[in-house]
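>>> need the 3D shape of this:
(chains A and B)
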Amino acid sequence: DAKTTQPPSMDCAEGRAANLPCNHSTISGNEYVYWYRQIHSQGPQYIIHGLKNNETNEMASLIITEDRKSSTLILPHATLRDTAVYYCIVRPVGGKLIFGQGTELSVKP
Amino acid sequence: SQTIHQWPATLVQPVGSPLSLECTVEGTSNPNLYWYRQAAGRGLQLLFYSVGIGQISSEVPQNLSASRPQDRQFILSSKKLLLSDSGFYLCAWSVWGRGETQYFGPGTRLLVL
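Numbers count the residues shown, from 1 in each chain, chains lettered A, B, ... in the order given. The predicted structure follows:
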């Protein structure tokens, strides 16, 4: 069973920031928050992960609340190629990746 | 940089036929390797994982088996395919030095008829 809750779908205008929320109210102290995305008919692509602090890389930013019960993945300038299913996963280092249903993000022109 | 290959990309097989899917990783040593299956419209299910040559752990009982004959080669097999084996098969790798983040291959789409 997935330990995260995500909205099933979201829309975003091209060029705008896409903010994808994730609730993980039962997260344990040793569990990281991971984000992957899957573009249709491709393998999942790793985006970013974090434990407590906010993280940023060339793809996205991850904002984790202070109580760690929720997080937001931010794509700062969404493009049509960012249309995909985005998965939020909590796991300890070395633990299993359990994919839920994710959020289907549609970036529209 | 590391890359992961899977082949074939797509496969159509009759029920009862054998199966062999191959996954290879380049650019890293001693990776942990994983096989996942994704049924249409559903999430990924972990099938097997391996922490070294000849070491295979099975996550769910099924009609499939896995082998790791070389450090960076992972093979998924079946002696007799079932209709329910249809799906999208994904191989992934990870290494301890990178937080055990898993990186996925392009996948093999299998249709059993």
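>>> taking the chain centroid, which residue in chain A is the extreme one?
Residue farthest from the centre of chain A, counting by C-alpha atoms, centre = their mean, is residue A:109 at 22.0 Å.
>>> burial of residue 70, as a residue count?
Defaulting to chain A. By other C-beta atoms under 10 Å in any protein chain shown, 18 other residues sit near residue A:70. C-beta: built from backbone N, CA, C; applies to glycine.
>>> oops, I was thinking of chain B
For residue B:70, the neighbour count with other C-beta under 10 Å is 10.
>>> nearest residue to it other than its sequence neighbours?
Closest residue to residue B:70 apart from its sequence neighbours, by C-beta to C-beta, 6 or more residues apart in numbering or on different chains: residue B:53 at 6.7 Å.
>>> please name the residues that touch the one you found.
Taking C-beta atoms under 8 Å, 6 or more residues apart in numbering or on different chains, we find residue B:53 in contact with B:68, B:69, B:70, B:71.
>>> enumerate the residues of chain A near chain B.
In this structure, chain A approaches chain B at residues A:2, A:32, A:34, A:36, A:41-46, A:49, A:87, A:93-94, A:96-102, judged by C-beta under 8 Å from any C-beta of the partner chain.
>>> quick one: residues contacting the residue nearest to the spatial centre of chain B.
In chain B, the centroid-proximal residue (C-alpha atoms, centre = their mean) is residue B:35; its distance is 3.1 Å. Shown in contact with residue B:35 (C-beta under 8 Å, 6+ apart): B:23, B:46, B:47, B:48, B:49, B:64, B:66, B:74, B:76, B:89, B:90, B:91.
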